[in-house]
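Novice: dropping the sequence and predicted coords here.
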Amino acid sequence: MLSTELAGVKLKNPTVLASGILGVTGASLSHVAKSGAGAVTTKSISLKERKGHLTPVIATYEHGMVNAVGLSNAGAEETLPEIEFAVKNAGVPVIASIFASTITEFGKVAAAVSKANPHIIEVNISCPNVDDEFGRPFACDPGIAAVVTKKVKKSTNIPIFIKLSPNVHNIGPIAEAVQNEGADGITAINTVGPGMIINIEAATPILTNRVGGVSGPAIKPIAVKCVYEAYKATKLPIIGTGGVTTGRDAVEMIMAGASAAGIGTGVYYRGPEIFSKVSKEIQEFMDKEGYKSINEMRGIAHEE
Ligand SMILES: Cc1cc2nc3c(=O)[nH]c(=O)nc-3n(C[C@H](O)[C@H](O)[C@H](O)COP(=O)(O)O)c2cc1C
């Protein structure tokens, strides 16, 4: 049985489309849902429109990807119809991802997207490729992460998941701080870094922004460790994200403590069908090893 639950929201399987990939329109979110995702996440939404960085914004390498999309989006009001479309047509839970540059604005954008009634609001406090504008991501300081959580929690009745950064010594105290302010769950992790890829023929970094967040298979061990630490610190439901490409990767996340596995870069490798393929691979593993449910596997890597 592949069903799982995120703060009372039921998923038919534990695969979740991560924020930033195929998540701009209601139609693309619904398409990914029909391809087998257990839940889908929108690209991060801010209060007002943002242009993002100049292209190229994505560079690939042998072990993953570096991106500096720069959080381009049409703004909350413009995006509401897209979320509403997905909530009506996707047939799976819709997670609206939000971000802001100030604590007050986090509250405002949470209230704005709540009008579209997403099942969960994911609070992106951890994008590493907008450091110059927003200073250190909010996710690197337990105190600031807690204040953002409190603000968003006051601004909506929808369950909130705080998306944490791996770019800290230990994610545990940050997870605990957001739990104490009422977070309903955690998404771990956002991209690592930032990193840089240089085109050696041109003798220059490939990305116009020069640096970008690292994602894909290379970051999986970091993501698994962060999920493990967050589970140990909180027991909140966790969407384990970072380098998940196969069912075995998803099982690793679940054994570390995740209730579901986010998939972003993997969509570039295996297409939108990755969600049904990963679900099938998880089921095959469970059949072979005799596991009956996702919950039975959850966190078992913690047992001594
Ligand atoms: C092209 C691209 C765009 C992304 N945009 C966002 C975003 O808007 N908001 C966000 O919270 N995370 C964003 N992410 C991060 C992913 O949601 C995910 O946390 C990260 O890439 C690790 O997972 P993965 O290895 O499966 O891609 C983006 C990642 C990529 C590759």
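Specialist: Sure, I can see it.

Novice: quick check: buried residues in stretch 256-267?
Specialist: Ala256, Gly257, Ala258, Ser259, Ala260, Ala261, Gly262, Ile263, Gly264, Thr265, Gly266, Val267 (16 or more other C-beta atoms under 10 Å). Every C-beta, even on glycine, is put in place using the N, C-alpha and C of the backbone.

Novice: for the fifth one, what are phi and psi?
Specialist: What that stands for is Ala260. Per-residue torsions, Ala260: phi -150, psi 160 (degrees, to the nearest 10).

Novice: OK, contacts around the residue nearest to it when sequence neighbours are not counted?
Specialist: In this structure, Ala260 finds its nearest non-sequential neighbour in Pro14, 4.2 Å apart by C-beta to C-beta, 6 or more residues apart in numbering. Applying C-beta atoms under 8 Å, 6 or more residues apart in numbering to Pro14 gives the contacts Leu2, Thr4, Gly38, Ala250, Ile254, Ala258, Ser259, Ala260, Ala261, Ser279, Ile282, Ile294.

Novice: restricted to helices, list those residues.
Specialist: Of those, the ones assigned to helices by DSSP state H are Ala250, Ile254, Ser279, Ile282, Ile294.

Novice: ok, now which ones touch the closest residue in space to the first one that isn't next to it in sequence?
Specialist: Yep, that's Ala250 we're talking about. In space, and not counting its chain neighbours, Ala250 is closest to Ala261: 3.8 Å by C-beta to C-beta, 6+ apart. Counting by C-beta under 8 Å, 6+ apart, Ala261 touches Pro14, Thr15, Val16, Ile239, Gly240, Thr241, Val244, Asp249, Ala250, Met253, Ile254, Val278.

Novice: nearest spatial neighbour of the second one, skipping sequence neighbours?
Specialist: To tie it back to what came earlier, the one meant is Thr15. Thr15 sits nearest to Phe275 (C-beta to C-beta, 6+ apart), 4.5 Å away.

Novice: dump the residue contacts of that neighbour.
Specialist: Asn13, Thr15, Leu17, Val32, Ser35, Gly36, Ala37, Gly38, Ile263 are the contacts of Phe275 under C-beta under 8 Å, 6+ apart.

Novice: look up the pLDDT of Asp131 for me, please.
Specialist: With respect to pLDDT, Asp131 scores 54.
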